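**Q** What would the 3D arrangement of this be:
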Amino acid sequence: MKAVLCHAFGLPDTLTVAEVASPHPAPGEVKIAVRACGVNFPDVLLVQGLYQMKPPFPFSPGLEVAGDVLAVGADVTHFKPGDRVIGIVNYGGMAQEVVVPQSMTLPLPEAMPYEHGAAFPIAYGTSHVALEYRARLQPGETLLVLGAAGGVGLTAVEIGKRLGATVIAAASTPAKLALAQQYGADHVIQYGVEDLRERVQAITGGAFADVIYDPVGGDLFDQALRCIAWEGRYLVIGFAAGRIPELPVNRVLLKNSALLGTFWGAYAQHRPQVMAESLQTLLSWYAAGRLKPHLHATFPLERAADALKALLHRQAMGKVVILP
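**A** The predicted structure is shown next:
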């Protein structure tokens with residue numbers, strides 16, 4: 001089979017595509033023919049050696065796939081060859097075949113195309129767990145989403161509206177803000193052009209944002225922290241800006257606010273039931289037509305480097321998907 005390979009940490013252009021041995025499912029594993037693989041910002045960090053996990057070389061990036069079951073290992077009871085499935089892995093998805101633990105494999109709904117299946121679990125799962133489980137976002141509260149047109153940011157806008165919040169979307173360009181409005185944003189702020197704190201203050205009548213969703217970090221964190229409401233909750237999702245900011249803890253004290261991290265992948269180990277219930281809820285919303293993944297672009301396996309660069313340079317709106 002063909003696979004994207006990382007032989008040494010570096011920028012996406014150092015990746016290669018080569019023929020490798022087809023994997024065999026061990027007990028409890030499902031072997032999937034990959035029809036689509038979602039691209040996520042952790043993939044960009046993974047190939048550069050900047051992610052918290054560092055796989056042995058050579059490895060393939062790719063954390064989420066959709067495809068067809070080719071074979072199952074011993075003790076697999078929920079899937080059989082031919083089943084359409086979604087799989088979540090630590091790495092290895094950017095290949096024509098991958099093995100996935102049965103516990104991290106989900107049925108792909110009949111009406112869901114492979115591209116949507118591969119774009120779905122991480123972005124939607126992160127936002128749903130962050131907003132509903134971590135921040136306990138309530139109807140009528142105000143949600144400020146940074147990076148609102150990115151892979152996770154756009155799902156936060158969409159889910160925030162589903163949960164009954166007033167959503168303020170912040171992004172860097174008018175095109176990104178227009179997309180956020182299509183997905184339900186009630187107000188938009190173009191940071192770099194408008195003052196974030198002044199606009200949030202004006203929009204909320206001085207109450208500021210009850211929940212802030214931040215996948216960007218960097219200098220934007222410093223600005224957004226001043227936009228939090230009394231007893232507000234600040235969700236740390238990631239650091240797409242590159243710099244991991246430091247917190248002046250007096251600001252948390254003065255507003256009686258809370259800083260909440262959401263590392264979605266860790267739920268597979270620590271609270272798998274939270275992840276499972278969240279994905280079941282999200283897939284039911286999709287089936288009811290209440291969620292619609294936005295695909296920025298699809299790429300063949302041979303152009304995986306271009307797919308990762310779209311995220312690295314913050315060009316992508318919504319999700320990027322590779323079609324092996």
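
**Q** Which helix or which strand is home to the closest residue to Val89 other than its chain neighbours?
**A** Counting by CB to CB, 6 or more residues apart in numbering, Val89 lies nearest to Val100, which is 5.6 Å off, once chain neighbours are set aside. All C-beta spots, glycine's among them, are computed from the backbone N, C-alpha and C. Per DSSP states H and E: Val100 is located in strand 97-101.

**Q** Quick one: list the elements packing against that strand.
**A** Strand 97-101 sits against strand 29-39, strand 64-72, strand 84-88, with contacts defined as 3 or more CB pairs under 8 Å, 6 or more residues apart in numbering; DSSP states H and E.

**Q** Touching the shortest one from outside, list them.
**A** Under the contact criterion CB atoms under 8 Å, 6 or more residues apart in numbering, strand 84-88 has outside partners 30, 32, 63-69, 79, 93, 98, 100, 104-108, 110, 114, 117-118, 120-122, 268.

**Q** hmm, back to that, distance from the next helix or strand along the chain from the strand holding Val100 to the middle of the chain?
**A** Using DSSP H and E, the helix or strand that follows strand 97-101 in sequence is strand 105-107. Relative to its chain's centre, strand 105-107 lies at 18 Å (CA atoms, centre = their mean, to the nearest Å).

**Q** Please name the strands paired to strand 105-107 in the sheet, noting orientation.
**A** strand 84-88 (antiparallel) (DSSP bridges).

**Q** Tell me if I'm right that Asn152 and Pro215 touch.
**A** Residue 152: Val, not Asn. Yes. Assessed by CB atoms under 8 Å, Val152 is found in contact with Pro215 at 5.1 Å.

**Q** and the longest helix seen in the chain, what does it pack onto?
**A** Criterion DSSP state H: the longest helix present in the chain is helix 272-287. Helices and strands touching helix 272-287, by 3+ CB pairs under 8 Å, 6+ apart, are helix 121-128, helix 267-270.

**Q** and of those, who's closest to Leu220?
**A** Distance to Leu220, taken as CB to CB, is lowest for helix 121-128 among those, at 17.6 Å.

**Q** roughly how far apart are the nearest residue to Ala170 once chain neighbours are set aside and Asp210?
**A** Nearest non-adjacent residue to Ala170, counting by CB to CB, 6+ apart: Ile189, 4.4 Å away. Plainly put, Ile189 is 16 Å away from Asp210 if you go by CB to CB, to the nearest Å.

**Q** okay, which residue is most central for this structure?
**A** Nearest residue to the geometric centre of the chain (CA atoms, centre = their mean): Ala123, 2.8 Å.

**Q** for that residue, what are its contacts?
**A** Here Ala123 is in contact with Gly38, Asn40, Gly151, Val152, Leu154, Thr155, Pro293, Lys319 (CB under 8 Å, 6+ apart).

**Q** And the helices in the stretch 51-200 of the chain?
**A** Ranges of helices within the stretch 51-200 of the chain are 114-119, 121-128, 151-162, 174-182, 196-203, based on DSSP state H, counting those that start in this stretch.

**Q** Output those as CSV; include the columns distance to Asp83 and mean pLDDT.
**A** Output for the helices of the stretch 51-200 of the chain, formatted as CSV (distance: least, CB to CB, whole Å; pLDDT from 0 to 100):
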stretch, distance to Asp83, mean pLDDT
helix 114-119, 12, 98
helix 121-128, 17, 97
helix 151-162, 26, 97
helix 174-182, 34, 98
helix 196-203, 46, 98
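
**Q** who does the nearest residue to Gln181 once chain neighbours are set aside bridge with?
**A** Distances taken as CB to CB, 6+ apart put Val188 closest to Gln181, at 6.2 Å, once the chain neighbours are dropped. With DSSP bridges applied, Val188 shows beta-bridge pairing to Ala169.

**Q** Return the distance of Val188 relative to Leu225.
**A** 20 Å.

**Q** circling back to that earlier point, could you tell me which strands the strand holding Val100 is paired with, and in which direction each runs?
**A** strand 29-39 (antiparallel).

**Q** Following the chain past the strand it pairs with, name the next helix or strand.
**A** Criterion used, DSSP H and E; the element after strand 29-39 is helix 41-48.

**Q** elements contacting that next one?
**A** Checking 3+ CB pairs under 8 Å, 6+ apart, helix 41-48 ends up next to helix 304-312.

**Q** now the helix it packs on: mean pLDDT?
**A** Across helix 304-312, pLDDT averages out at 96.

**Q** got the buried residues for the next helix or strand after it?
**A** Remark: after helix 304-312, the chain's next helix or strand is strand 319-323, criterion DSSP H and E. Neighbour counts over strand 319-323 (16 or more other CB atoms under 10 Å) mark Lys319, Val320, Val321, Ile322 as buried.
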